[in-house]
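Chemist: sequence and predicted structure, then a few things I'm wondering about:
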Amino acid sequence: MLQLMPADLAPIDPTAISTVLAPDFGAARTLPAEAYLDDAVLRWEQRHIFDASWICVGRSDLVPEAGSQRAIDVGGRGVLLVRADDGELAAFHNTCRHRGHELLPVGECRRKRAIACPYHAWVYGLDGELVRASRFADRPDFDRADFPLLSIPAEEWNGWIFVNASGDGPPLSTWLGDLGTHIGAWEPERMALGERHEYVVAANWKLILENFVECYHCPSIHPELCRVSDPESGSEIFDVTGMWIGGPMALRDNAETQSLSGEGDGVPFRKLSAQQQREVRYFNVFPNLLISPHPDYLMTHRLVPLTPTSTHVECAWFFPPEVTAQEGFDPSFAVDFWDRTNYQDFSACESVMRGMHSPGYRPGPFDDREVIVHSMQVLIARTYLEGRIPPPVLAEPAPA
Ligand code: FES
């Protein structure tokens with residue numbers, strides 16, 4: 001039987017984690033502060049959670065056409081996304097096989113028929129094969145086939161790009177399970193970007209996810225949201241078949257969508273059922289993508305941890321393409337609502353983060369409206385203790 005080496009386990013006191021795993025939901029307690037504050041814990045999470053997962057790095061338009069090449073940072077590693085001639089996506093370590101120069105500076109994009117290293121001009125095909133190595137051509141001890149770019153698993157799903165940096169994760173289809181059946185009616189592969197905002201939140205990435213998956217806090221800090229949605233209507237949780245969790249929340253009778261006035265643009269996604277036009281769905285795709293389909297727009301939050309106490313959040317609003325193509329298209333009804341709601345959420349997360357610095361912080365109990373928070377913390381705690389990500393488990397809430 002395979003024995004885990006101590007180095008595989010998280011650098012955190014196991015006894016401090018064990019209360020999260022109490023078999024009785026009522027006795028369970030939240031994660032200790034060190035899980036949110038410690039540099040070493042975040043470094044461990046980067047390798048054992050983020051690298052081991054399928055991470056969403058953005059939309060397919062990062063590399064829109066054949067020959068497109070874009071260098072991105074994935075957990076401190078340079079990754080080169082490439083669109084091949086046949087339209088297929090590929091990803092490689094952004095490291096030349098000669099002496100390691102970056103093939104493209106992180107953040108830059110170009111379109112060329114080959115991948116050229118700027119240092120000594122080695123040239124690779126879009127498939128990563130080395131096609132030219134200046135001055136090596138006549139060397140009998142050199143075979144170009146021995147020096148291809150090293151690939152990283154990358155796949156597209158409904159217009160999003162996912163990367164598995166460790167290369168040893170399960171197939172993306174296993175990771176996402178049947179999530180596609182819950183958002184397919186929104187046709188995410190054809191939707192068009194309306195607006196994108198970037199935030200740097202002074203809070204640990206887990207706090208932002210935890211805040212997203214419960215509405216216990218909604219009556220306290222989201223008066224605008226509660227005017228258009230009943231926070232008590234969000235108790236249903238979809239059956240989970242992958243590394244995601246989610247459920248619907250009903251719109252109030254006076255609201256067409258989630259906006260400050262309750263009015264939308266009047267153009268729901270074309271394939272929604274009558275029920276889907278009266279609800280908002282929330283999906284947490286572990287570990288870094290939140291998807292919120294509304295009747296007339298779909299919003300995403302994409303998280304990138306920066307430090308234990310800060311997280312970059314990209315919030316994007318998408319619409320049916322026939323809507324964004326209209327003259328005078330204005331996404332502000334959706335953007336203004338969520339900009340305000342994001343501010344309320346992020347302020348709360350930042351306050352929790354400050355509270356965790358206090359010597360008076362102690363792990364607390366879960367309300368039965370925090371079942372998903374509990375399940376996420378169980379997932380994290382088991383990963384800390386086992387050194388690998390286990391399948392998610394939902395606990396039964398305490399009897400009322
Ligand atoms: Fe790329 Fe030398 S490091 S060609």
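Modeler: Done, it's in.
Chemist: which helix or strand contains the closest residue to Ala10 other than its chain neighbours?
Modeler: In space, and not counting its chain neighbours, Ala10 is closest to Tyr384: 3.6 Å by C-beta to C-beta, 6 or more residues apart in numbering. C-beta here means a position set from N, CA and C on the backbone, and glycine is covered the same way. Assessed by DSSP states H and E, Tyr384 sits inside helix 371-386.
Chemist: name the residues that touch that helix?
Modeler: 4, 9-10, 12, 14, 17-18, 20-21, 25, 28, 30-31, 35, 44, 48-49, 206, 209-210, 213-214, 237, 245, 284, 286, 366, 389-390, 392-395, 397 (C-beta atoms under 8 Å, 6 or more residues apart in numbering).
Chemist: the residues you listed in strands, which ones?
Modeler: The strands, defined by DSSP state E, take in Ile245, Asn284 from those.
Chemist: which of the contacts of helix 371-386 count as buried?
Modeler: 9-10, 12, 17, 20, 25, 28, 30-31, 35, 44, 48-49, 206, 209-210, 213-214, 245, 284, 286, 366, 389, 392, 395, 397 (16 or more other C-beta atoms under 10 Å).
Chemist: for the residue in the stretch 251-400 of the chain that the ligand sits nearest to, what are its contacts?
Modeler: For the stretch 251-400 of the chain, the residue closest to the ligand is Val304, as judged by C-beta to the nearest ligand atom, at 27.6 Å. Neighbouring residues of Val304 by C-beta under 8 Å, 6+ apart: Asn288, Thr311, His312, Val313, Glu314.
Chemist: what of Ser261?
Modeler: By C-beta under 8 Å, 6+ apart, the contact set of Ser261 is Phe333.
Chemist: try it again with 6 Å
Modeler: Contacts here follow C-beta atoms under 6 Å, 6 or more residues apart in numbering; on that basis Ser261 touches nothing.
Chemist: and the protein, which of its residues are near the ligand?
Modeler: Taking C-beta under 6 Å from any ligand atom, the part of the chain that reaches the ligand is made up of Cys96, His98, Arg99, Gly100, His101, Cys117, Tyr119, His120, Trp122.
Chemist: okay, those in JSON lines with distance to Phe319 next?
Modeler: Below are the residues of the chain next to the ligand laid out as JSON lines (distance: C-beta to C-beta, whole Å):
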{"residue": "Cys96", "distance to Phe319": "41"}
{"residue": "His98", "distance to Phe319": "45"}
{"residue": "Arg99", "distance to Phe319": "46"}
{"residue": "Gly100", "distance to Phe319": "43"}
{"residue": "His101", "distance to Phe319": "41"}
{"residue": "Cys117", "distance to Phe319": "40"}
{"residue": "Tyr119", "distance to Phe319": "43"}
{"residue": "His120", "distance to Phe319": "46"}
{"residue": "Trp122", "distance to Phe319": "43"}
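Chemist: Serialize those to JSON lines and add fields for secondary structure.
Modeler: JSON lines is the format used below for the residues of the chain next to the ligand (DSSP: H, G, I helix; E, B strand; the rest coil):
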{"residue": "Cys96", "secondary structure": "coil"}
{"residue": "His98", "secondary structure": "coil"}
{"residue": "Arg99", "secondary structure": "coil"}
{"residue": "Gly100", "secondary structure": "coil"}
{"residue": "His101", "secondary structure": "coil"}
{"residue": "Cys117", "secondary structure": "coil"}
{"residue": "Tyr119", "secondary structure": "coil"}
{"residue": "His120", "secondary structure": "coil"}
{"residue": "Trp122", "secondary structure": "coil"}
